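Trainee: Can you look at this prediction? I've put the sequence above it.
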Amino acid sequence: MKLSDLLAHDAIAIQCHNIPDADALAAGFGLYSYFEAAGKKPLFFYGGPPATKPNLTGMIAALGIPVQHEPGRKEWSGLLITVDCQYGAGNVSPVTAPYVAVIDHHIQEKELPPLCDLRPWLGSCATLVWDLLRQESYVPDANLATALHYGLFSDTNGFSEMRHPLDRDMWDALGANHAILKRLKLSNLSLAELTQVSTALNDLSFDHELRFALIFAPPCDPNILGFINDLSMQVDSVDIAVAYCRLPSGDIKFSVRTSSRETKASELAAWLAEGLGSGGGHREKAGGYIALSKYQDRFNDKPVHQYCEEKIREYCRAFRILDCANPAAMGGWPDMAAMKTYRKLPSRQGFVPCSALFESRCELQLRMLEGDMDILADAEKTILMIGIMGEVYHMERSVFERSYRVLDEPYTPELPYAPTVLNKRTGKRVCLLHYAQTCESIGTNTIKALCLAEHVKVFTRWDEDNCLSGNPGDWLVGRAADDMYIVTAPVFGQIYTRDFTGEDISAHPCVVQAGKRDIPVQVAFADSPGTVKTREGMVAHERGDAILTGVSGEVWPVVRSFFDAKYTADAGTVPGQNGAYWPAASAVWALQVHEPFTLALPEERGLLRGKKGDWLVQYGPGECGIVEEAIFAQSYRLVEAG
C-alpha cells in the first residue's frame with residue numbers, strides 16, 4: 001500500500017489508539033501532514049481518556065500536532081485510517097466507516113482490511129510512516145521530523161530496542177529539534193512514576209545461579225521499564241535484568257538489559273516473545289511485547305512472572321558455547337574428523353572493494369538486516385562481500401582473489417533490505433549496492449559442516465566479544481577447531497553441497513555392492529588431450545584415454561590404465577582400437593545419495609556434480625564416479641556382499 005493510493009478519498013480521518021503514546025501521535029502527525037500537503041482536510045483524533053502525561057501534552061503543544069480528543073465519535077463517512085493500532089482491536093474506540101485502512105507495527109490481532117501496511121519487525125510506527133513518506137518523496141519539516149524522532153525514541157526505550165535497520169536509517173536521516181527533544185525527554189518521569197519505580201525494585205526476584213533479576217512493575221509508561229533495568233544493572237551481582245508491565249490493552253511490555261558476554265539482549269527479547277509478539281534491539285539493550293490474546297491462547301491463566309522466569313532460565317541454559325580463541329575449553333566437541341565435508345557452490349554475489357569508498361584505513365559501520373557491525377577496514381586490502389540474503393562481511397583481498405572471479409555484469413539482487421556502510425571518520429553513509437560489482441565463487445573451497453541439533457553460540461577468533469548464534473537446523477561450519485562460524489539454514493542450502501572427494505564409502509552404513517550388467521559400451525580412444533562434457537560436469541583426459549558412450553548416450557572419459565584393466569574388447573573389435581567393449585564382472589561399492597553432491601576427480605581432471613538420487617560409485621582406491629539414477633538402474637545390478 002502507498003499513501004498516494006489513499007488520495008482517491010476526499011474525507012480522510014486518522015485515528016490512533018486510546019491513551020495515545022508519543023509513537024502514535026508522531027505517526028498520525030506524519031499522515032496528517034502528508035494528506036494536508038496533498039490538498040485534503042484530514043481529521044486526526046483519538047478516543048478514550050485524554051492524554052495527560054506531561055511529555056505528551058508538551059509534545060502536542062511544542063510541535064503543533066493537530067490531534068483532537070473525540071471520545072464520543074462513533075462514525076466517519078469516508079476513509080478511516082487506524083495508526084499504531086488495528087481496526088476493531090480492544091485499545092481503540094470503535095468507529096464505523098465505509099472504508100478502512102490500517103498502518104501499524106504490532107503483530108496481527110484482527111482480520112485486516114485490503115488497505116493495510118503491517119510491519120511488526122519495526123521498532124516504531126513512526127518508522128513505518130517515515131518510510132511511506134520517503135516513498136512519496138515527502139520531506140518532513142522540522143516539527144514532524146522531531147515528532148517522528150521522539151516517537152521512535154519513546155517506543156524503543158531510548159533507541160535501545162531498535163530492531164530493524166529502517167529504524168536506524170530514520171534516526172540517522174531526521175534533522176530533529178534537539179532542544180525540544182531534550183525538554184520532552186526530561187518530562188518523562190513524574191513523581192507518581194518515581195513511586196512506581198520504587199515499588200517495582202522493592203519486589204524484584206533474583207536468580208543467584210544465573211544472575212538475573214526479574215522485575216514486575218505496576219502499570220506505567222513503557223520507558224519506565226528501561227529506567228528500572230538500568231538501575232538494576234548497577235548491582236554487581238546482576239548480569240541480566242528483565243522488567244515488564246501490563247499495558248492498558250492488557251498486553252505485556254518488557255525491557256531487557258545484559259552485561260553478560262554470552263547473552264544478547266536482542267536475542268533474549270526475541271526468545272521471550274517467540275510466537276507471542278515481537279522483540280529485538282541491541283546486544284546490551286532490547287525489549288518487546290507479548291500480545292495478551294496469544295498468551296492466553298497458549299498458557300491460559302499461567303502467571304506471566306512464572307512464564308518469564310522459565311523462559312529466561314531456558315534461554316540461559318539452551319546454548320552450547322564454543323570459543324574459538326580457546327579450543328581446549330570446548331570439551332572435544334565438535335569432532336572435526338566426524339564432521340562431513342561440503343563444497344561451496346559457484347554462486348553469484350556482490351562485492352565492494354573498500355578502495356571505492358575511502359583511502360587508507362578507517363573504521364566502518366556496516367548496516368544490514370541482522371543489525372549494525374563495526375569493522376576496521378583497509379582501502380587496499382579489504383573487500384566487503386554482500387551475501388545472498390543481504391548479509392555483509394569483510395574479506396582479505398588475497399582470499400577474495402583466490403576464491404572468486406569478477407563478472408562483467410550488473411549486480412541487481414532482490415534483497416529485503418539494501419545494506420549500507422558508514423565511514424566513521426567522515427560521517428558519510430552510502431548504500432553498498434551503488435558501488436557493488438558482481439562476482440562468482442570458483443567453487444573449489446571445501447569445509448567441514450555439522451547440522452545443529454541444539455542451540456550453539458560461537459565466539460570467532462576474529463571477534464572475541466560478540467558471538468554468532470545458531471539454532472537447530474542451522475550449520476556449524478569450519479576448517480579447524482579455532483576457525484568455526486555459523487551459517488543459517490536458508491543460506492547454507494543455497495551455497496554449500498555435500499562433497500565426497502577422497503571419502504571411502506565402503507564403510508558407509510547404506511553402501512551396497514553392484515556389478516555392471518552384461519551390456520557393451522562404445523569406445524573411442526582420444527587422439528589428443530582435451531575435455532569431455534559429461535552429464536555431471538567437464539572432465540579432462542589425456543591422449544590415449546578411452547571415451548565411453550553408455551546405454552543412454554551418456555559420455556565419459558576413463559584413464560587408459562584403468563580402462564585396460566576393467567574392459568575387454570568385443571569379438572568384432574581389435575583391442576586398443578575404437579569399437580565395442582565389455583565391462584569386467586567385478587563388483588563395485590555404490591551409494592545412493594539423497595541430496596545434491598560433488599566429487600573432485602584426481603589430478604584435477606574435473607569436478608562432478610550429482611543430483612539428489614544419483615549414485616556415487618567407488619571402482620577402487622581413489623577411483624570414484626557419479627552415475628545418474630536412471631542410468632544406474634539400466635547399467636548396474638545389485639549383488640550380495642562377499
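Mentor: On my side now, so go ahead. Residues are numbered from 1 along each chain as shown.
Trainee: end-to-end on stretch 39-52?
Mentor: Stretch 39-52 has an end-to-end distance of 31 Å (criterion: C-alpha to C-alpha, to the nearest Å).
Trainee: repeat for stretch 435-448
Mentor: Stretch 435-448 end-to-end distance (C-alpha to C-alpha) = 33 Å.
Trainee: for it, the distance to its chain's centre please.
Mentor: Centre-to-centre, stretch 435-448 and its host chain are 20 Å apart (C-alpha atoms, centre = their mean, to the nearest Å).
Trainee: Just the buried positions in it, please.
Mentor: By 16 or more other C-beta atoms under 10 Å, the buried positions in stretch 435-448 come out as 435-439, 441, 443, 446-448. (C-beta placed from N, C-alpha, C; glycine too.)
Trainee: give me the beta-bridge partners of the closest residue in space to residue 391 that isn't next to it in sequence?
Mentor: Excluding the flanking residues, the one nearest residue 391 by C-beta to C-beta, 6 or more residues apart in numbering is residue 368, at 5.7 Å. Note on residue 368: beta-bridge partners by DSSP bridges are residue 371.
Trainee: contacting residues around residue 368?
Mentor: 165, 390-392, 417, 419 (C-beta atoms under 8 Å, 6 or more residues apart in numbering).
Trainee: per-residue confidence at it?
Mentor: pLDDT for residue 368: 85.
Trainee: So which residues of the stretch 201-350 of the chain form helices?
Mentor: With helices called from DSSP state H, counting those that start in this stretch, the stretch 201-350 of the chain shows them at 222-232, 265-273, 292-299, 304-318.
Trainee: who does the first one touch, helix- and strand-wise?
Mentor: Packed against helix 222-232 by the contact rule (3 or more C-beta pairs under 8 Å, 6 or more residues apart in numbering; DSSP states H and E) you find helix 142-155, helix 191-202, strand 212-216, strand 240-246, strand 252-258, strand 285-290.
Trainee: And those: which comes nearest residue 359?
Mentor: helix 142-155 (33.1 Å; C-beta to C-beta).
Trainee: Looking at the record's assignment, how would you partition this protein?
Mentor: Taking automatic domain parsing as the reference, the chain has its domains at 3-185, 191-319, 340-499, 505-639.
Trainee: Poorly predicted segments of the stretch 51-200 of the chain, please.
Mentor: Scanning the stretch 51-200 of the chain for pLDDT under 70 picks out 109, 188-189.
Trainee: Could I get the full set of strands for it?
Mentor: With DSSP state E, counting those that start in this stretch, the ranges of strands along the stretch 51-200 of the chain come out as 68-69, 79-83, 99-104, 115-118.
Trainee: what about the helices of the stretch 201-350 of the chain, which gets the closest to residue 175?
Mentor: Here helix 222-232 is closest among those (C-beta to C-beta), at 23.3 Å.
Trainee: contacting residues around that closest one?
Mentor: With contacts defined as C-beta under 8 Å, 6+ apart, helix 222-232 is touched by 21, 154-155, 157-158, 160, 188-189, 193, 196-197, 200-201, 204, 213, 215, 217, 238, 241-245, 247, 253-257, 285, 287.
Trainee: Just give the number of residues close to residue 98.
Mentor: Residue 98 has 12 neighbours, counted by other C-beta atoms under 10 Å.
Trainee: residue contacts, it?
Mentor: 77-78.
Trainee: Any idea how many residues pack against the closest residue to residue 519 other than its chain neighbours?
Mentor: Nearest residue to residue 519 in three dimensions, chain neighbours excluded: residue 551, at 6.0 Å (C-beta to C-beta, 6+ apart). By other C-beta under 10 Å, the residues close to residue 551 number 13.
Trainee: repeat for the one 4 residues further on
Mentor: Number of residues near residue 555 (other C-beta under 10 Å) recorded here: 15.
Trainee: distance of it from residue 532?
Mentor: Distance from residue 555 to residue 532, counting by C-beta to C-beta, to the nearest Å: 6 Å.
Trainee: cool, and residue 251?
Mentor: Separation of residue 251 from residue 532 (C-beta to C-beta): 66 Å.
Trainee: Pick out whichever of those two has more residues nearby.
Mentor: residue 251 (21 against 17).
Trainee: In this structure that one contacts residue 290, no?
Mentor: Yes - here residue 251 reaches residue 290: they are 6.4 Å apart, a contact under C-beta atoms under 8 Å.
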